[in-house]
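Visitor: here is my input; please provide its structure:
(chains A and B)
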Amino acid sequence: MAKFVLPFIEGRSDSSSFSPTAMLVTALAFAVIVSVQTSPAITMVLIAVVLLGGTLARTKWRSVFSLATKLEVFVLLWILLEPFLYGTTVVAVFTMPWGPVHVYSEGIAFGILLGLRMFCILLMFIATLSHMSLAGFIGALRTLRVPSSFVGSMLIMLRYIPLFTEERTRMQDAQALRGYERGVRRSRVESLGFLLGSMIDRAFNRSVAVYESMILRGFGRGMHSKGAGLRRNDAALLMLLLILVLSLVFILPDIMGVLVF
Amino acid sequence: MTCAIDVCGVYFRYENFSMEDINMELHIGEQKAMVGLNGSGKTTLFKLLLGLLEPTSGEIHIMDRKVDREGLWEVRQNVGFLFQNPDDQLFSPTVWEDVSFGPRNLGLSEDEIEERAEWALSIVGMSDFANRPVNQMSHGQAKRVALAGVVAMRPQILLLDEPFTGLDFPMVSGIVDIIEELRGAGISVLYTTHNRFFLENWADSVLVLNNGRVVYDGPIDEALETPLVLEQIGNWNHLAQKMAASRTRVREIGFSANG
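Guide: Sure, this is the predicted structure:
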């Protein structure tokens, strides 16, 4: 059976104390806080906050980390590329056939900072989404007045990416059953190209069918979908966020200063 | 008003396919089968009825309302369409969300939406699946949910594209029961099938298409005696004879099911 791409709670009901809207807003606010950090140490503290908060909220870390690992390549890309692209202080030089390649200390520091920030935000969002259902997520987007065209497109994307993955697997199985072996790299690439072409073709046909199905039931006349209203407990999330911001401004820099000296 | 659907002199041309001089009527409460070989125009006719395609000429009326751009939403509120593949129809996160999608777009109140979705799910026997994600169901269950999504709109006419394809006997029987219950409430049904069983035993009348043209529209009994119609339905008796002859021949050369 196909699964949704993101680690939502399966089904409609979620037993979280907080509303999906409040969780999403908190995650967004947290992401903003993380993205303005200039110290790797404080960013690591924020990662620890995410891990601690998630553990207290009984986050299923296995599924969160499993998905985070799949997206890790984008984080690593920054960490690995930045030392070659940014800075003035050369710490190492590699001689390549096309000329010397410099590694800059500022780039290393910046790459690590960027990597930590991205990892923290990624972890935060995946953990947050794992505490809400897809219906709750869509409802939260609607409450936040995200345009219905965007919400509709996202809904279809989340629904159909797993279906395309299933179709790809079926096509690969069909190839294998007829004696095709993806041994040689070239044939692997050729096979992938063929599969991709077929999948795009099928995806187009399916998207037309889905769109027809939607407009036959009233889509396009202004999509009406239920929002996810706020709950009383949401005030606690706001308080926690406020405490975090105040700590970052007034308390944490002093603690870090003491630790450094 | 006696016609749920009235198609009058419809022509439609698209690339190298055309439908010519299509005339048909579906009376209120009637159940009509639509048959024809692959590529004969069945799906195109469905799309014309639903206003997804626009006729080159001619007129289509649904419950006395002309199918044109102005009246499209009114028409679509009266016609429910069940896709052959439920994966094409179910897109919401959960069964409940999908079934309530149509009523929500009708602008009903939350209570009415809930009432309709509960009613539709109970009719198809899927009330216990309300919170289930739509991607975690068997083909038969998905088909039932898709049907619930359609009937939740409370349409006057049901268009069913191969409603029994890929379903086992209990599921087929279940779908028949559901449709029969809806017919009891006066709903008119137009369905496509390639299966002679569902044609002979379930339809009041039959519309036969061949290469974009209506070659027969009338009672089922007469249809089964018309050679041109039999060509389109398929000569299943002839196929059965051929299979029997083949089985006899194989046995004669020494193979039997017992080894």
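Visitor: looking at the stretch 1-150 of chain A, which residue is nearest chain B?
Guide: Taking C-beta to the nearest C-beta, chain B has its nearest neighbour within the stretch 1-150 of chain A at residue A:134, 3.6 Å off. (Each C-beta comes from the backbone N, C-alpha and C, glycine too.)
Visitor: do I have it right that that residue meets residue A:140?
Guide: No: between residue A:134 and residue A:140 there is no contact under C-beta atoms under 8 Å: 10.6 Å.
Visitor: more neighbours: those two, which one.
Guide: Taking other C-beta atoms under 10 Å in any protein chain shown, residue A:134 and residue A:140 do not tie; residue A:134 has more neighbours (27 against 21).
Visitor: now the more buried one. Nearest residue, chain neighbours left out?
Guide: Counting by C-beta to C-beta, 6 or more residues apart in numbering or on different chains, residue B:93 is the residue found nearest to residue A:134 once chain neighbours are left out, at 3.6 Å.
Visitor: state the pLDDT value of the one you found.
Guide: For residue B:93, the model assigns a pLDDT of 76.
Visitor: the one 3 residues further on too?
Guide: Per-residue confidence at residue B:96 stands at 90 (pLDDT).
Visitor: next SSE after the host helix or strand of residue A:31?
Guide: Taking DSSP states H and E as the definition, residue A:31 sits inside helix A:20-35. Using DSSP H and E, the next helix or strand after helix A:20-35 towards the C-terminus is helix A:40-56.
Visitor: the residue in chain A positioned nearest to chain B in helix, strand or coil?
Guide: In chain A, the residue that lies nearest chain B is residue A:218 (2.6 Å; C-beta to the nearest C-beta). Under the three-state scheme (DSSP: H, G, I helix; E, B strand; the rest coil), residue A:218 adopts coil.
Visitor: before we move on, back to that, for the helix holding residue A:31, which helices and strands make contact with it?
Guide: Judged by 3 or more C-beta pairs under 8 Å, 6 or more residues apart in numbering or on different chains; DSSP states H and E, the packing partners of helix A:20-35 are helix A:40-56, helix A:105-129, helix A:134-143, helix A:234-246.
Visitor: for the first one, buried residues please.
Guide: Just to be clear, that refers to helix A:40-56. For helix A:40-56, burial by neighbour count (16 or more other C-beta atoms under 10 Å in any protein chain shown) applies to A:40, A:42-43, A:45-47, A:49-50, A:53-54.
Visitor: in TSV, list those along with distance to chain B.
Guide: Below are the buried residues of helix A:40-56 laid out as TSV (distance: C-beta to the nearest C-beta, whole Å):
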residue	distance to chain B
A:40	38
A:42	37
A:43	33
A:45	35
A:46	31
A:47	30
A:49	30
A:50	25
A:53	26
A:54	23
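Visitor: would a markdown table of those with pLDDT be doable?
Guide: Shown next, in a markdown table, are those (pLDDT from 0 to 100):
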| residue | pLDDT |
| --- | --- |
| A:40 | 89 |
| A:42 | 88 |
| A:43 | 91 |
| A:45 | 90 |
| A:46 | 91 |
| A:47 | 93 |
| A:49 | 91 |
| A:50 | 92 |
| A:53 | 89 |
| A:54 | 89 |
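Visitor: residue B:139 contacts residue B:86, correct?
Guide: Yes: counting by C-beta under 8 Å, residue B:86 is a contact partner of residue B:139 at 7.0 Å.
Visitor: of those two, which one has the most company?
Guide: Using other C-beta under 10 Å, the more surrounded residue of residue B:139 and residue B:86 is residue B:86, with 22 against 15.
Visitor: next one, pLDDT for that one please.
Guide: Here the pLDDT value assigned to residue B:86 is 89.
Visitor: separation between it and chain A?
Guide: Distance of residue B:86 to chain A, computed by C-beta to the nearest C-beta, to the nearest Å: 10 Å.
Visitor: mind listing what's buried along stretch A:151-163?
Guide: The neighbour-count check on stretch A:151-163 (16+ other C-beta under 10 Å) flags A:151-152, A:155-156, A:158-161 as buried.
Visitor: near chain B, from those?
Guide: Contacts with chain B within the buried residues of stretch A:151-163, as defined by C-beta under 8 Å from any C-beta of the partner chain: A:155-156, A:158-160.
Visitor: helix or strand: which one has residue B:80?
Guide: Per DSSP H and E: strand B:79-82 holds residue B:80.
Visitor: just checking: what are the partner strands of that strand?
Guide: Using DSSP bridges, strand B:79-82 pairs in its sheet with strand B:157-160 (parallel).
Visitor: now the partner strand, how far from the chain's geometric center?
Guide: Relative to its parent chain, strand B:157-160 has a centroid offset of 6 Å by C-alpha atoms, centre = their mean, to the nearest Å.
Visitor: contacts for whatever helix or strand comes next after it next, please.
Guide: The C-terminal neighbour of strand B:157-160 among helices and strands, as given by DSSP H and E, is helix B:169-184. For helix B:169-184, the surrounding residues in contact (C-beta atoms under 8 Å, 6 or more residues apart in numbering or on different chains) are B:29, B:31, B:123-125, B:140, B:143-144, B:147, B:151, B:158, B:160, B:163-164, B:167, B:189, B:202.
Visitor: among these, which lie within helices?
Guide: Among the contacts of helix B:169-184, the members found in helices (DSSP state H) are B:123, B:140, B:143-144, B:147, B:151, B:202.
Visitor: nearest to chain A, of those residues?
Guide: Nearest to chain A among the ones in helices among the contacts of helix B:169-184: residue B:151, at 11.5 Å, using C-beta to the nearest C-beta.
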